[in-house]
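> coordinates only, no sequence provided:
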């Protein structure tokens, strides 16, 4: 007997599976290394409370708010994202070419 897929049930199951996959707090402890969290001020897909939750997990990180930018920072404001990456890299210790 052939089972006809139930698109509503299948979609709901897929949604739960995706949510579980992205629930990183269960897999990631607090990260001690410094970092930068870039946050688009006009991001409508994540609440500001999500940003606070990230800082709980990465307490050594600095948040840099990107004005006039939403969720897709690298597409909406690539120059600013590159600037912030350069700023971060400039603070990292130099690596020896001997090692």
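Sure thing, it's come through. Predicted model only: the values in this text are computed from it and were never measured.
> and the helices in this protein?
Using DSSP state H, the helices of the chain run over 7-21, 48-57, 73-76, 78-91.
> pull out the buried residues from the second one.
Along helix 48-57, the positions that meet the burial threshold by neighbour count (16 or more other CB atoms under 10 Å) are residue 54. Just so you know, the C-beta spots here come from the backbone N, C-alpha and C atoms, and that holds for glycine as well.
> name the helices or strands packed onto it?
strand 35-40, strand 61-66 (3 or more CB pairs under 8 Å, 6 or more residues apart in numbering; DSSP states H and E).
> ok, now with 7 Å
strand 61-66 (3 or more CB pairs under 7 Å, 6 or more residues apart in numbering; DSSP states H and E).
> so what touches the strand it packs on?
34-41, 51, 55, 73, 77, 80, 84 (CB atoms under 7 Å, 6 or more residues apart in numbering).
> same check, this time on stretch 38-58
25, 28, 30-31, 35, 37, 61, 63-71, 73, 76, 81, 84.
> before we move on, the earlier item: by mean pLDDT, show me the worst of the helices of the chain.
Lowest mean pLDDT within the helices of the chain: helix 7-21, a mean of 71.
> quickly note the distance from residue 51 to residue 91.
According to CB to CB, to the nearest Å, residue 51 stands 21 Å off from residue 91.
> what of residue 70?
Taken as CB to CB, the span from residue 70 to residue 91 is 27 Å.
> between these two, point out the one with more neighbours.
residue 70 (16 against 9; other CB atoms under 10 Å).
> pLDDT at that one, what is it?
For residue 70, pLDDT reads 93.
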